[in-house]
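Enquirer: Here's a sequence, model it:
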Amino acid sequence: MTTELLIIDPQNDFCDLPVAARPPDAAPALPVAGADADMHRLAALIDAAGDGLDAITVTLDSHHRLDIAHPGFWRTRDGSAVTPFTPITAAALRGGDFVPRDPAQRARAQAYVDALESRGRYTLMVWPVHCEIGSWGHAVHAAVRAAYNRWEERSGRTVHKVQKGSNRWTEHYSALMAEVPDPDDPGTQLNRALLDRLGAAGRLWVAGEASSHCVRATVEDLVAHGGGDPGRIVLLADCMSPVAGFEREAEAFLAAMRARGLQVTVSRQALVQLQEGAAA
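Expert: This next block holds a predicted model:
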């Protein structure tokens with residue numbers, strides 16, 4: 001049985017890195033409590049699994065500074081700045097509580113928020129600017145990068161990297177498709193090649209940040225779009241954590257996926273299963 005590891009957005013901006021692990025002028029933009037420890041456990045798993053891992057895919061949240069989910073896109077009714085962690089509902093936008101900085105973009109923004117809410121998964125959230133392309137925060141957590149580099153050197157295989165999120169008109173939590181695909185941008189539509197790749201693995205380990213958002217959306221889309229037998233998907237619960245304030249959503253996600261037949265376990269148990277399978 002082949003085993004692939006899918007690592008979702010293991011990036012500095014999502015990790016609660018200690019000060020000693022950061023450059024002097026850098027700090028994570030959207031740190032998830034527990035993420036640094038998650039990534040160290042994940043790095044240890046990659047090293048311990050060794051040749052038992054047949055493939056590794058890493059997704060990278062990749063944003064521009066001006067984005068519909070970043071503060072610089074918006075203003076309040078009186079023209080003041082919108083602070084991070086402000087939700088913008090379709091009703092609030094329609095009522096004029098918020099407006100795009102460029103008034104000419106109001107109709108498109110309203111259409112987006114209406115479409116987003118109709119899906120029933122997320123409300124538009126204004127996040128801090130994060131994972132800006134080319135920034136320190138966009139880079140992969142050092143321990144994870146070092147571990148998969150060692151795997152590449154041992155195996156002679158290349159980690160498959162997938163960027164998402166560079167269309168500023170739609171949120172792109174899932175690695176498989178944007179929350180509201182843009183018909184003029186194939187990069188926001190269902191990534192069939194990635195779906196087929198992940199669906200071909202005999203066993204698919206899933207880890208990354210955050211369990212309430214990008215991990216959740218990716219796995220939900222993987223299951224919804226026929227990404228193979230759900231029972232072969234293993235969610236590594238100790239290698240993912242939720243955004244603060246969204247703990248219930250993460251718990252509900254894990255419970256729903258377990259009910260769909262996915263495995264929810266921890267890294268040490270996944271390693272035991274891998275080793276037992278190799279010895280059989």
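Enquirer: Now for residue 255, how many residues are close by?
Expert: The tally of other residues near residue 255 (other Cβ atoms under 10 Å) stands at 11. Any C-beta I mention is one placed from the backbone N, CA and C, and that applies to glycine too.
Enquirer: An error on my part: the question was meant for residue 196.
Expert: By the criterion of other Cβ under 10 Å, residue 196 has 12 neighbours.
Enquirer: The stretch 151-280 of the chain: strands as residue ranges?
Expert: According to DSSP state E, counting those that start in this stretch, the stretch 151-280 of the chain carries its strands in the segments 160-164, 203-208, 233-236, 263-265.
Enquirer: Can you list the neighbours in contact with the longest one?
Expert: This means strand 203-208. Residues outside strand 203-208 that contact it (Cβ atoms under 8 Å, 6 or more residues apart in numbering): 1-10, 38, 42, 45, 59, 198, 214-215, 218-219, 228, 232-236, 239-240, 267, 270, 274.
Enquirer: those helices in the stretch 51-200 of the chain, which residues are they?
Expert: With DSSP state H, counting those that start in this stretch as the criterion, the stretch 51-200 of the chain has helices at 90-94, 106-119, 142-155, 192-200.
Enquirer: can the strands of the stretch 151-280 of the chain go into TSV with extra columns for distance to residue 141, mean pLDDT and mean neighbour count?
Expert: Putting these into TSV (distance: least, Cβ to Cβ, whole Å; pLDDT from 0 to 100; neighbours: other Cβ atoms under 10 Å) gives the following:
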stretch	distance to residue 141	mean pLDDT	mean neighbour count
strand 160-164	14	98	17
strand 203-208	10	98	26
strand 233-236	15	98	25
strand 263-265	22	98	18
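Enquirer: Save those as TSV, and put in distance to residue 26 too.
Expert: Putting the strands of the stretch 151-280 of the chain into TSV (distance: least, Cβ to Cβ, whole Å) gives the following:
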stretch	distance to residue 26
strand 160-164	21
strand 203-208	21
strand 233-236	27
strand 263-265	33
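Enquirer: and residue 113, which of those strands is closest to it?
Expert: strand 160-164 (20.0 Å; Cβ to Cβ).
Enquirer: quick one: that closest one to helix 142-155, angle?
Expert: Counting by axes from the mean of the first three to the mean of the last three Cα atoms, to 10 degrees, strand 160-164 lies at 140 degrees to helix 142-155.
Enquirer: which helices and strands sit right next to strand 160-164?
Expert: In terms of contacts (3 or more Cβ pairs under 8 Å, 6 or more residues apart in numbering; DSSP states H and E), strand 160-164 is packed against strand 55-61.
Enquirer: Now the strand it packs on - C-alpha only, PDB.
Expert: Presented in PDB, the C-alpha positions along strand 55-61 are these (Å, rounded to 0.1, in the frame of the first residue of the first chain):
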ATOM      1  CA  ALA A  55       5.000  10.900  -1.600                       C
ATOM      2  CA  ILE A  56       4.600  14.200   0.200                       C
ATOM      3  CA  THR A  57       2.400  17.100  -1.000                       C
ATOM      4  CA  VAL A  58       2.700  20.500   0.600                       C
ATOM      5  CA  THR A  59       0.100  23.300   0.100                       C
ATOM      6  CA  LEU A  60       1.100  26.900   0.500                       C
ATOM      7  CA  ASP A  61      -1.300  29.800   1.300                       C
END
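Enquirer: what lines up beside that strand in the sheet?
Expert: strand 3-8 (parallel), strand 160-164 (parallel) (DSSP bridges).
Enquirer: returning to that earlier point: out of the strands of the stretch 151-280 of the chain, the one nearest residue 134 is which?
Expert: strand 160-164 (11.9 Å).
Enquirer: so where is the stretch 101-250 of the chain shaky, pLDDT-wise?
Expert: 227 (pLDDT under 70).
Enquirer: Look at the residue nearest to residue 225 when sequence neighbours are not counted and say how many residues are nearby.
Expert: Distance criterion Cβ to Cβ, 6 or more residues apart in numbering; nearest residue to residue 225, sequence neighbours excluded, is residue 195 at 5.9 Å. Other residues near residue 195 number 19, with proximity taken as other Cβ under 10 Å.
Enquirer: quick one: residue 26 from residue 61, how far?
Expert: Noted for residue 26: a distance of 17 Å to residue 61, by Cβ to Cβ, to the nearest Å.
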